[in-house]
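> the following comprises the amino acid sequence and a computationally predicted model.
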Amino acid sequence: MKKLLIVLVFFSFGCSSNKEDIRSVELICYNWDLKYPTESFKGEFYIQPKIYSILSLNGENQSYICGFSPNKNEIYFNSKIDARLVTDLVNSLSSIEENNTLVGFYKQDGCMESSPMFRLKVVYADKKEKFYQYSFQEKNKIDLAIKKLYVALKVNQIEENYQKMKDTLSFAKKKKELIHFSMHADTTALPLPVLPSYNKVQFK
């Protein structure tokens, strides 16, 4: 009987999912952009998040969404989405790692823009962290998991199914940390182009 009990305990630990060790998942969707040079400013490349969210496995989240129509509008809020959407994303982590895609290009043509990128930061109960980067390549389970989660957060924002975040300091700090990490990772993989020069236009 003792042997059977030991086998069952070992089996239960052996089959436990890493998902049980995950404390939170941070998701950021962003583009590279450029603050154009002026006579007094040399210009600056930067990352503009469209969405940043800290998600618990039960679907509760702290989120930031930045919209640009008609004007730039930033919203910090707390909301809840279907926990299955987070589970589907977590279950896709191994596939995301296998299909890891680094930033492919920076485009400079009247405006500076990169392809939309997604980065995930998974925080475990022992405080270990793991990063994943992904850009849409084809219609597959990974694309679907990320799109559904992104849409759910956007719907909460649009339908105002949320509570405004009262204290944004610690959240904003984590957002800034992931932005800095993304900037370093992207520019290590693909150096940024040369800053454009300021051309003063004269009208006569």
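Sure, I can see it.
> who are the packing partners of the lengthiest helix in the chain?
Ranked by residue count, the top helix of the chain under DSSP state H comes out as helix 169-189. Applying 3 or more Cβ pairs under 8 Å, 6 or more residues apart in numbering; DSSP states H and E, one finds that helix 169-189 contacts strand 22-35, strand 44-55, strand 60-67, strand 117-124, strand 129-134. (Each C-beta comes from the backbone N, C-alpha and C, glycine too.)
> out of those, which comes closest to residue 185?
strand 129-134 (7.0 Å; Cβ to Cβ).
> just checking: what are the partner strands of that closest one?
If you go by DSSP bridges, strand 129-134 pairs up with strand 117-124 (antiparallel).
> in the strand it pairs with, which residues are buried?
Residues of strand 117-124 classed as buried by neighbour count (16 or more other Cβ atoms under 10 Å): 117, 118, 119, 120, 121, 122, 123.
> distance to residue 184 for those residues - can I get that in TSV?
As requested, the buried residues of strand 117-124 are exported to TSV (distance: Cβ to Cβ, whole Å):
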residue	distance to residue 184
117	14
118	17
119	12
120	16
121	13
122	18
123	19
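> name the residue closest to the centre of the protein, please.
Ranked by distance to the mean C-alpha position of the chain (Cα atoms, centre = their mean), the top residue is residue 28 at 1.5 Å.
> thought that residue was touching residue 181?
No - checked against Cβ atoms under 8 Å, the pair residue 28 and residue 181 is beyond contact range at 9.5 Å.
> report the set of residues contacting both of the two.
119, 121 (Cβ atoms under 8 Å, 6 or more residues apart in numbering).
> what's around residue 181, how many residues?
15 (other Cβ atoms under 10 Å).
> the one 4 residues further on too?
By the other Cβ under 10 Å criterion, the neighbourhood of residue 185 contains 16 residues.
> please apply the same query to residue 144.
12.
> so what touches the helix or strand containing it?
Using DSSP states H and E, residue 144 sits within helix 141-158. Residues from elsewhere that reach helix 141-158 (Cβ under 8 Å, 6+ apart): 27, 29, 51, 53, 55, 61, 63, 65, 75, 77, 79-82, 85-86, 88-89, 91-92, 95-96, 99, 118, 134, 136-137, 161-162.
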